[in-house]
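*Asks:* no letters, just coordinates:
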Ligand code: GDP
Ligand code: MG
């Protein structure tokens with residue numbers, strides 16, 4: 001089967017670990033201080049269910065509650081990874097706002113999303129329960145994972161689950 005190209009955006013409040021998750025997935029390492037202001041595109045070939053995907057990951061520079069959802073982000077992607085940090089209630093509130101803005105621009109089309117609570121290694125600083133995360137994802141009909149970019153826990157799962165959702169979403173529709 002030919003390689004399928006999949007464009008994925010990683011979004012969320014600042015400092016939640018968007019870059020760390022992206023780099024862990026693409027390069028298999030944890031980079032401790034990564035410029036928080038850059039938006040970067042990473043590329044990786046990965047196989048799920050004997051299908052090869054060329055994943056183009058756009059690691060966004062981050063959003064806050066006031067960010068305007070960039071129109072080009074609504075057209076250009078097959079799916080979204082929305083990240084908060086389990087140590088930050090604020091980042092959990094911001095991810096809800098990002099989701100609402102995303103829906104505003106795409107309308108009611110179903111969009112593949114994985115909600116990620118990152119930094120599970122910092123359990124002593126936890127501010128958002130697993131249950132809260134799970135419930136939010138359920139209300140979106142999205143997948144939910146808690147992960148640690150630092151410990152490389154559940155990082156590949158995030159992208160694999162999203163690729164499977166995208167596959168199902170495309171169904172018999174023509175390939176984008
Ligand atoms: P971004 O602004 O969302 O791209 O966040 P970064 O990936 O730059 O990470 C922000 C800070 O959180 C950095 O100091 C990272 O080292 C740290 N960080 C990211 N992921 C984790 C994680 O899973 N565990 C811990 N303990 N720190 C993390
Ligand atoms: Mg970053």
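*Replies:* Thanks, I have it. In this text the structure is predicted, and so the values were computed from the model without any measurement. Ligands and ions are numbered 1, 2, ... in the order given.
*Asks:* what count of nearby residues applies to the closest residue in space to residue 86 that isn't next to it in sequence?
*Replies:* In space, and not counting its chain neighbours, residue 86 is closest to residue 117: 4.5 Å by CB to CB, 6 or more residues apart in numbering. Using the backbone N, CA and C atoms, a C-beta is placed for each residue, glycine as well. Using other CB atoms under 10 Å, residue 117 has 31 other residues around it.
*Asks:* before we move on, what about residue 129?
*Replies:* Applying other CB under 10 Å, we find 12 residues neighbouring residue 129.
*Asks:* now the lowest-mean-pLDDT helix or strand in the chain, how far from the chain's geometric center?
*Replies:* None of the helices or strands of the chain scores lower by mean pLDDT, DSSP states H and E than helix 71-75, at a mean of 76. In terms of CA atoms, centre = their mean, to the nearest Å, the centre of helix 71-75 is found 15 Å from the chain centre.
*Asks:* re the thing from before, surely the residue nearest to residue 86 and residue 148 touch.
*Replies:* No. Judged on CB atoms under 8 Å, residue 117 makes no contact with residue 148 at a distance of 9.8 Å.
*Asks:* follow-up on the earlier one: what's the least confident helix or strand of the chain packed up against?
*Replies:* The contact analysis (3 or more CB pairs under 8 Å, 6 or more residues apart in numbering; DSSP states H and E) places helix 71-75 against helix 89-106.
*Asks:* do that again at 10 Å, thanks
*Replies:* Using 3 or more CB pairs under 10 Å, 6 or more residues apart in numbering; DSSP states H and E as the contact test, the elements touching helix 71-75 are strand 4-12, helix 89-106.
*Asks:* which helix or strand lies directly C-terminal to that helix?
*Replies:* strand 79-85 (DSSP states H and E).
*Asks:* now do that next one against strand 4-12: the angle between them, please.
*Replies:* Strand 79-85 and strand 4-12 meet at an angle of 30 degrees, taking axes from the mean of the first three to the mean of the last three CA atoms, to 10 degrees as the criterion.
*Asks:* between helix 89-106 and strand 79-85, find me the angle.
*Replies:* Between strand 79-85 and helix 89-106, the angle comes out at 160 degrees (the same axes, to 10 degrees).
*Asks:* any idea which helix or strand comes after the helix or strand hosting the residue nearest to residue 86?
*Replies:* Under the criterion of DSSP H and E, residue 117 resides in strand 113-118. Once the chain leaves strand 113-118, the next helix or strand it forms, by DSSP H and E, is helix 130-140.
*Asks:* and the angle from that next one to strand 79-85?
*Replies:* When the same axes, to 10 degrees is applied, the directions of helix 130-140 and strand 79-85 differ by 150 degrees.
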